[in-house]
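K.L.:
I would like the atomic coordinates for the input below:
(chains A and B)
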There are 2 protein chains.
Amino acid sequence: MEIERKFLVDLPKWEKLDKPNPIRIVQGYLSTNPEQTIRVRVWANKAFMTIKGKVQGISREEIEFEIPTGKANELLTKFCKAVIEKNRYLIVHDSKTWEVDVFEGENTGLVLAEIELGSEDEKFTVPHWITIEVTDDYRYYNSYLSENPYSSWKK
Amino acid sequence: MEIERKFLVDLPKWEKLDKPNPIRIVQGYLSTNPEQTIRVRVWANKAFMTIKGKVQGISREEIEFEIPTGKANELLTKFCKAVIEKNRYLIVHDSKTWEVDVFEGENTGLVLAEIELGSEDEKFTVPHWITIEVTDDYRYYNSYLSENPYSSWKK
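P.N.:
A predicted model of the protein is given here:
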């Protein structure tokens, strides 16, 4: 079980931050059904498949394993309708690691920060470049974004 | 691309045949959508995931790769609605290998034989224990059988 909380990022503050080199992520979905999403992800030069179950509160069943990169690219090309490209920055704040995704392509302009917790009530401090929490907002699921990119949203 | 043809088996003739030891197969589906089936299969002590596209004539796009057996068993238990169990016999006839699946559990009584061909018009000879061809009959897809087992069919 994984417990994740997701937040929007203040872009001007984010721009000013000192950052490490990001990890390049390209991902698509074989299923975007919220009861069972199936993600194919190429992460730098490795590839993974992740199956996630129904969201229950802020927890969700998750099974992940490595798959051959060539097969992942074939799946992305032949079986995934839309593909998400983003750069991921790992930012350590108060001894917790925040994963910050800077989206590209049709999702340009969107920056999301995520933190993984050990339990639903674990305390943590929020960096100054974080704004509102969007954990429960399905529009910020990558599975939703793959079919409804940020640039197509009515602002 | 794979080209497969599928046939029913004459049970009394099959019973009398000298057979090698079978391979034990347990499989389930993350998707049974005919446009994109996703199969998880534990094959003896190895496991594989297979994604198949839409059937076009007797051809079908197919991507397959090995996955960790522990993860496969987790997927079968947590994410697959129904699981198929069968014993597979590999029978060589006229230098072609026939895969004969003897189903168990809720599909007991069903025996299917399949041959893989190099092209749609490849010639081959049919063993005497083969009866009618069911390549185009969706009821004999394993994905269909997983949700509509043989024992539930109206005879």
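K.L.:
For stretch A:31-39, list the C-alpha coordinates in PDB.
P.N.:
This file holds the C-alpha atoms of stretch A:31-39, laid out as PDB (Å, rounded to 0.1, in the frame of the first residue of the first chain):
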ATOM      1  CA  SER A  31      -5.800   1.200 -18.700                       C
ATOM      2  CA  THR A  32      -6.900   4.500 -17.200                       C
ATOM      3  CA  ASN A  33      -9.900   2.900 -15.400                       C
ATOM      4  CA  PRO A  34      -9.600   4.300 -11.800                       C
ATOM      5  CA  GLU A  35     -10.500   0.800 -10.400                       C
ATOM      6  CA  GLN A  36      -7.300  -0.500 -12.100                       C
ATOM      7  CA  THR A  37      -4.800   1.800 -13.900                       C
ATOM      8  CA  ILE A  38      -1.900   0.100 -15.800                       C
ATOM      9  CA  ARG A  39       1.000   2.400 -16.300                       C
END
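K.L.:
sec struct for residue A:106, please.
P.N.:
Using DSSP: H, G, I helix; E, B strand; the rest coil, the structure places residue A:106 in helix.
K.L.:
That one and residue A:50, how far apart?
P.N.:
Remark: distance between residue A:106 and residue A:50 (C-beta to C-beta, to the nearest Å) = 22 Å. Using the backbone N, CA and C atoms, a C-beta is placed for each residue, glycine as well.
K.L.:
Whichever strand or helix holds residue A:115: partners in the sheet, and parallel or antiparallel?
P.N.:
Assessed by DSSP states H and E, residue A:115 sits inside strand A:111-117. According to DSSP bridges, strand A:111-117 has the following sheet partners: strand A:2-9 (antiparallel), strand A:96-103 (antiparallel).
K.L.:
These: lowest mean pLDDT?
P.N.:
Least confidently modelled of the strands paired with strand A:111-117 is strand A:2-9, at a mean of 91 by mean pLDDT.
K.L.:
Off-centre distance for that one?
P.N.:
With C-alpha atoms, centre = their mean, to the nearest Å as the basis, the distance from the averaged C-alpha position of strand A:2-9 to the chain average is 9 Å.
K.L.:
Just the C-alpha atoms of that strand, please, in CSV.
P.N.:
Taking C-alpha atoms only, strand A:2-9 is exported to CSV below (Å, rounded to 0.1, in the frame of the first residue of the first chain):
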residue,chain,number,x,y,z
GLU,A,2,1.3,3.5,-0.8
ILE,A,3,0.1,6.7,0.8
GLU,A,4,0.8,9.8,-1.3
ARG,A,5,-0.2,13.4,-1.0
LYS,A,6,0.0,15.7,-4.0
PHE,A,7,0.3,19.5,-4.2
LEU,A,8,0.5,22.3,-6.7
VAL,A,9,3.7,24.3,-6.9
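K.L.:
Heading C-terminal from it, find the next helix or strand.
P.N.:
Sequence-wise, the next helix or strand beyond strand A:2-9 is helix A:11-16, with elements assigned using DSSP H and E.
K.L.:
What angle do strand B:23-31 and the following helix or strand past that following helix make with each other?
P.N.:
Sequence-wise, the next helix or strand downstream of helix A:11-16 (DSSP H and E) is strand A:23-31. Following axes from the mean of the first three to the mean of the last three C-alpha atoms, to 10 degrees, one obtains 90 degrees for the angle between strand A:23-31 and strand B:23-31.
K.L.:
Could you list the residues of chain A in contact with chain B?
P.N.:
Chain A comes close to chain B at residues A:30-31, A:36, A:38, A:49, A:51, A:53, A:61, A:63-65, A:67-68, A:71, A:74-75, A:78-79, as judged by C-beta under 8 Å from any C-beta of the partner chain.
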